[in-house]
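A.B. asks: Fold the following.
(chains A and B)
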Amino acid sequence: MTEAPEKYVGGGVPRKEDPALVTGRATWTDNIKLPGMLHASLLRSPFAHAKITSIDVSEAKNRPGVVAAFTGEDLADEWAGIIPCGWQITEDQRTPTHWPLAKDEVNYAGDAVAVVVATDRYTAKDALEFIEVEYEELPAVTDLETVLDEGTPLVHEVYDSNRCYTWTLDVGEVDEAFEKADVVVKERYLQPRLIPNAIEPRAVVAHPDPVNGGFTIYTSTQVPHIAKFVLSGICGVPEQKLRVVAPDVGGGFGSKLNVYAEEALALALARRLDTPIKWVEERSENYLSTTHGRGQIQDIELAATSDGKILGLRADLVADMGAYLQLSGSLIPILGAFMYCGVYDFDAYHFECEGVFTNKTPIDAYRGAGRPEAAYAIERIMDALARRLEMDPAEVRRINFHEPFDEPKTQPAGIQYDSGDYNKTLDRVLELANYEGLREEQRRRRESGDPVQLGIGFSTYTEICGLAPSQVVNALGGGGGGWEAAEVRMLASGKVEVVTGTSPHGQGHVTSWSQIAADALGVDLDDVEVIHGDTAAAPWGRDTYGSRSLAVGGVAVHMAAQKVVEKGKKIAAHMLEAAEGDIEFEGGRFSVAGSPDQNATIQDVAGAAYLASDLPEGMEPLLSEEQIYDPPNFTFPFGAHMCVTEVDTETGFVKIRDYFAVDDCGPVINPTIVDGQVHGGIAQGIAEALYEEAVYDEDGNLVTGSMVDYLVPGAPELPHFTLDRTVTPSPSNVMGVKGIGEAGTIGAPVAVINSVIDALSPFGVTHIDKPASPFNVWSTIQEATGDGAGTRDADLSGRPAQATDNVDEQGGETR
Amino acid sequence: MIPIAFDYEVAESVDGAIDLLKENGEDAKLLAGGHSLLPIMKLRLAAPTMLVDLGRIGELSYVRDAGDHIAIGAMTRHTEVEHNQLLQEHCGLLAHTASFVGDPQVRHRGTIGGSISHGDAASDLPSALLALEGTFVVKGPGGERTVAASDFFQDYLQTDLAPDEVLTEVRVPKLGQNTGWSYKKFNRRAQDWAVVGVAAVVERSNGSISSARIGLTNMGSTPLRATAAESALSGADSSSVAEATSSADEGTSPSSDIAASAEFRRHLARVLTRRAVEEALSR
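C.D. replies: Presented below is the predicted three-dimensional model:
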């Protein structure tokens, strides 16, 4: 009678989300149309740094169809607080005053200075041309190399320097490690600014609720719950009067892990004009006014023995915050601080980060958020160490790996990795790629002087997911917990509602959470509905970012479902007149041990709980349970990636011939979704390595301000991905799951760059910065072969200075 | 990404289009496939007050055998040029080059006449038409005239077209059995404009090159011929191609931008010309 339970977890269940998405029936914020809705458009500063000496919106206000126009001064009374940063990284961290509309001064090109509200979007946009602004230009701070130098102009005159904070971490005897080292390798790496480029730009609709006097905010966000709290603070609307809805959201990559000026403006305008207000970002605006990612200079120094054992690591960063701190701007490099030691076992680590202001778009989370930078640094310098010692790059990694562990292990940065088995992923990737065969082909090409050289690049990365134990969040100066909420409700009809505080924007949580709940409850996948992204329907949550959703939110769903089963057992025992301890649950059916004929389905039990007329003494009605889960530790996925490039040394063009990735994210809920995350992550990592860079000129103008100049690669540029997995469960949670949303973006950039350097090593090349564009590759070859005087003298004003003190082979001390 | 307001008229015929251009003066623009014009309007880099749509003039879309040449209507889509059998047989370079324009969506909407009239030196077709020594038929209030491709492209985004003229037809020669050709496009992403492109048409006789015509994409404010390399290639054979093409960048004035320095573009022009001629010799 008892059927074998159907197991959805681990199967490639088709995504429930996709039919609507691929047939154009999704509800994007821009699809929301409300009676009386007006449209806002923003005038943005063309200057990176200037005083506003006068601003006049009167002519714009008189245009046909224009309802209102406001300056920053006009709206000053709307604000109860500034756009806040959620992290006080150090006590003396400077958080600049940041109003939704600039009042006296603009601090980056794109800073909004005025808003027009009109009956349609076109009218609002056209009216912007009738606003008169006079600016007094100030010198723009654009160069990270000199940003802290005496004499560099100040981004914010109220401070005595462009420093935002200095944060340090020292573990073990670092100086001693470097003193006793046989080899010290020192390199400088640049992390170019990147533009996240979610396919759906930002959008918001603010709707006054005449019944309760509050507001509903529809917004394209990753964080409706955080937005509710933060918007309440900026606009002074009591939190209980706000409802925030994230409808279908077309990607974020961290750029929608924020609360933006435009969301606050929409709310304030809806309040002021007492009518719904919509603002939809243009793509050109998105490039200027949505947060950027990365933007660091890293000085990395590695101490090792002559046989390649690491003794210590120093990492010194200058990290660009941009003009203001957005929600997590100051945190991002610090999240990386714990990952510079990678998968390697040693004792001494120094990290220092100087967060600095520039007159550029604010920097915040971008897929990986600190960890790609960290993985890049350690994995590049491991290759440099291998070159110095003439060791195989796989071997130098292997001899430094932590031994396999399945219980938390303290590592050099002082935190505890949950579990790891790094040899397993490396062995598998070497086997998949036929490593020896590739090295043989490489040797042949080098010997024959083939203009197309083969490169092989590794990355054996680990990363940090499962944000976050609330105590750790607090210790880092975070202004909120790291818990996640779930509720699992058995309805009267026996169907299931899962309420989650995570807020998907492309990840497929509806499918994955359905799989988790369906398995736990023994019900059909299609009987499970997942409710999310609406603070009225899913009131508790800490939202989606940092690959936290499964390891915290998915686990909460699982735990809530287990509570439902436990309560169900009590009710079933009562119904079946058996002892609770004799009740077994399998495949959606409660039965009495030894008497399988005595049974009740979970639907029957749910019905009884709803009817509530015959429940065990003192039991509350309803089969519905809530779980607020605060994780005891982070999770640490890991993997080994290998990138095989063919580099045309005549043109500098890098073709990725093959990409092999063996990732370990613990047990997998949905392999199709995981593969998709890995594909997309690697694609974004390749983009970072070869194509993308937000280039500014020295006046602070974004030169790569459109998709023509900012090169997001597409399918034709990307290789076939050869993927495999190992499974090392995490002891951090009951499901053993780790997270996979950012792994590809963390592992890939450095595998690609290591591969390019490997291909170019016959020319004596030991260093190249991202992106390894044809021009960059060609120039690097010219410089290495001595033909390169003036090679890079292109009109690239504003381009970050190339590393000049890369001392990998030349300058690194050897003792 | 929102253009300034403009008026829109559908032209029923070429003459009707010319009348609309005359009536509306220099602020009127012809709309063909729209894949060059509309993006710059959305960025507010162009703000024509009137668009005259040629899209309904069916008689401007054709590929015809005209005896010694192939005639292509100006509104013929890139994808039709790419897949046309007459062109593949008699003027493979043009069909091949059309396959590099933009992406599939652009090639299904964009037209040969629109691309040429826009006069962008970074576009692929103009340099191929230079190498082919194509001619263009232009109609205006005063009647019809033909212009050689070499006289058509005058400066950055400027052509020989008067504001009230319409490009109606493109004529390319039939290439003989002894003619090889190649188009080498160097770009970062499949859909991008060329960083540099090289079109080669090579006449072979007795194992050597009797003449070569090289068109360069994005090596100056207009598409250019690599005349020094063409001279050097005359009489060259496969063993001397490398040396002969080392002057491919002579007389060019490429720009420096974030994709490439002028020096790198010159280098690419030399490498790509060598590769294009080598391929033309083998095709």
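A.B. asks: helix or strand for the residue in the stretch 101-250 of chain B positioned nearest to chain A, which one?
C.D. replies: Scanning the stretch 101-250 of chain B for proximity to chain A using CB to the nearest CB identifies B:A190 as nearest, at 3.7 Å. Where C-beta positions appear, they are placed from N, C-alpha and C, glycine not excepted. Taking DSSP states H and E as the criterion, no element holds B:A190; it sits outside all helices and strands.
A.B. asks: residue contacts, it?
C.D. replies: In this structure, B:A190 makes contact with A:G714, A:P716, A:E717, B:D103, judged by CB atoms under 8 Å, 6 or more residues apart in numbering or on different chains.
A.B. asks: Kindly recompute the last result at 10 Å.
C.D. replies: A:P713, A:G714, A:A715, A:P716, A:E717, B:F100, B:G102, B:D103, B:P104 (CB atoms under 10 Å, 6 or more residues apart in numbering or on different chains).
A.B. asks: Of these - the most surrounded one?
C.D. replies: Most neighbours among those, by other CB atoms under 10 Å in any protein chain shown: B:F100, with 23 neighbours.
A.B. asks: Mind exporting the C-alpha coordinates of the host helix or strand of B:I116 to CSV?
C.D. replies: Taking DSSP H and E as the definition, one finds B:I116 inside helix B:112-118. Extracted in CSV, the C-alpha atoms of helix B:112-118 (Å, rounded to 0.1, in the frame of the first residue of the first chain):
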residue,chain,number,x,y,z
ILE,B,112,22.5,47.3,-48.0
GLY,B,113,21.5,50.7,-49.1
GLY,B,114,21.0,51.9,-45.5
SER,B,115,24.4,50.7,-44.4
ILE,B,116,26.1,52.4,-47.3
SER,B,117,24.2,55.6,-47.0
HIS,B,118,25.1,55.9,-43.3
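A.B. asks: Give me the buried positions along it.
C.D. replies: Residues B:I112, B:G113, B:G114, B:S115, B:I116, B:S117, B:H118 are the ones in helix B:112-118 that count as buried (16 or more other CB atoms under 10 Å in any protein chain shown).
A.B. asks: follow-up on the earlier one: which phi and psi does the residue of the stretch 101-250 of chain B closest to chain A have?
C.D. replies: Dihedral pair for B:A190: phi -50, psi -40, per degrees, to the nearest 10.
A.B. asks: Kindly state the pLDDT recorded for it?
C.D. replies: If you check B:A190, the pLDDT there is 95.
A.B. asks: ok, now B:G207?
C.D. replies: With respect to pLDDT, B:G207 scores 83.
A.B. asks: If we ignore the residues flanking it in sequence, what's nearest it?
C.D. replies: Distances taken as CB to CB, 6 or more residues apart in numbering or on different chains put B:D237 closest to B:G207, at 6.1 Å, once the chain neighbours are dropped.
A.B. asks: gap between B:M1 and chain A?
C.D. replies: Relative to chain A, B:M1 is positioned 4 Å away (CB to the nearest CB, to the nearest Å).
A.B. asks: okay, now the closest residue to that residue other than its chain neighbours: neighbour count?
C.D. replies: Of all residues not flanking B:M1 in the chain, A:E282 sits nearest, at 4.3 Å (CB to CB, 6+ apart). Counted with other CB under 10 Å, residues neighbouring A:E282 total 18.
A.B. asks: do the same with A:A609
C.D. replies: 22.
A.B. asks: got a list of what it touches?
C.D. replies: Going by CB under 10 Å, 6+ apart, the list of residues near A:A609 reads A:490, A:492, A:564, A:567-568, A:570-571, A:615, A:619-624.
A.B. asks: Quick one, grab the pLDDT at it.
C.D. replies: So, for A:A609, pLDDT stands at 98.
A.B. asks: Report the spatially nearest residue to it, omitting neighbours in sequence.
C.D. replies: For A:A609, the spatially nearest residue (CB to CB, 6+ apart) is A:L623, at 4.1 Å.
A.B. asks: Please tell me how far the one you found sits from A:N599.
C.D. replies: 16 Å (CB to CB, to the nearest Å).
A.B. asks: before we move on, what about B:S231?
C.D. replies: 94 Å.
A.B. asks: In this structure A:T290 contacts A:P362, no?
C.D. replies: Yes - if you go by CB atoms under 10 Å, A:T290 and A:P362 touch, sitting 9.3 Å apart.
A.B. asks: These two: who's more crowded?
C.D. replies: A:P362 (29 against 25).
A.B. asks: how near is that one to A:G36?
C.D. replies: For A:P362, the distance to A:G36 - CB to CB - is 33 Å.
A.B. asks: Repeat that for A:I602.
C.D. replies: For A:I602 relative to A:G36 (CB to CB), the value is 47 Å.
A.B. asks: Residue of the stretch 351-500 of chain A nearest chain B, please.
C.D. replies: A:P451 (9.3 Å).
A.B. asks: Look up phi and psi at that residue.
C.D. replies: phi -60, psi -20.
A.B. asks: Was I right to think it contacts A:G652?
C.D. replies: No - the pair A:P451 / A:G652 is not scored as a contact, 11.2 Å apart, by CB under 10 Å.
A.B. asks: ok, these two, which is more surrounded?
C.D. replies: A:G652 (25 against 12).
A.B. asks: The nearest residue to A:A76 once chain neighbours are set aside: what's it in contact with?
C.D. replies: Excluding the flanking residues, the one nearest A:A76 by CB to CB, 6+ apart is A:K103, at 6.5 Å. When contacts are counted by CB under 10 Å, 6+ apart, A:K103 touches A:I52, A:I55, A:T71, A:G72, A:E73, A:D74, A:L75, A:A76, A:T97, A:V113.
A.B. asks: What values do phi and psi take at A:S459?
C.D. replies: phi -150, psi 120.
A.B. asks: got the contact list for the nearest residue to it once chain neighbours are set aside?
C.D. replies: Leaving aside its sequence neighbours, A:S459 sits nearest to A:A751 (CB to CB, 6+ apart; 3.9 Å). Neighbouring residues of A:A751 by CB under 10 Å, 6+ apart: A:375-376, A:379, A:429, A:456-461, A:640-645, A:656, A:659-661, A:682, A:685-686, A:689.
A.B. asks: Which ones among the residues you listed lie within helices?
C.D. replies: Within the contacts of A:A751, residues falling in helices by DSSP state H are A:A375, A:Y376, A:E379, A:V429, A:I682, A:G685, A:I686.
A.B. asks: For A:L623 and A:N599, indicate the residue with more neighbours.
C.D. replies: Shown here are A:L623 and A:N599; by other CB under 10 Å, A:L623 has more neighbours (26 against 20).
A.B. asks: Okay, that one and B:G142: tell me how far apart.
C.D. replies: If you measure A:L623 against B:G142 using CB to CB, the figure is 86 Å.
A.B. asks: Ok, A:F634 next?
C.D. replies: 77 Å.
A.B. asks: Also A:I332?
C.D. replies: 65 Å.
A.B. asks: for A:A573, same thing?
C.D. replies: 99 Å.
A.B. asks: Kindly list the main-chain dihedrals of residue 50?
C.D. replies: I'll assume chain A. phi -160, psi 150.
A.B. asks: list the contacts for it?
C.D. replies: Contacts of A:A50 (CB under 10 Å, 6+ apart): A:102, A:105-107, A:109, A:111, A:113, A:133-138, A:140, A:359, A:700.
A.B. asks: May I see the ChimeraX selection of the buried members of those?
C.D. replies: In ChimeraX, a selection of the buried entries from those looks like this (16+ other CB under 10 Å):
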select /A:102,105,106,107,109,111,113,133,135,138,140,359,700
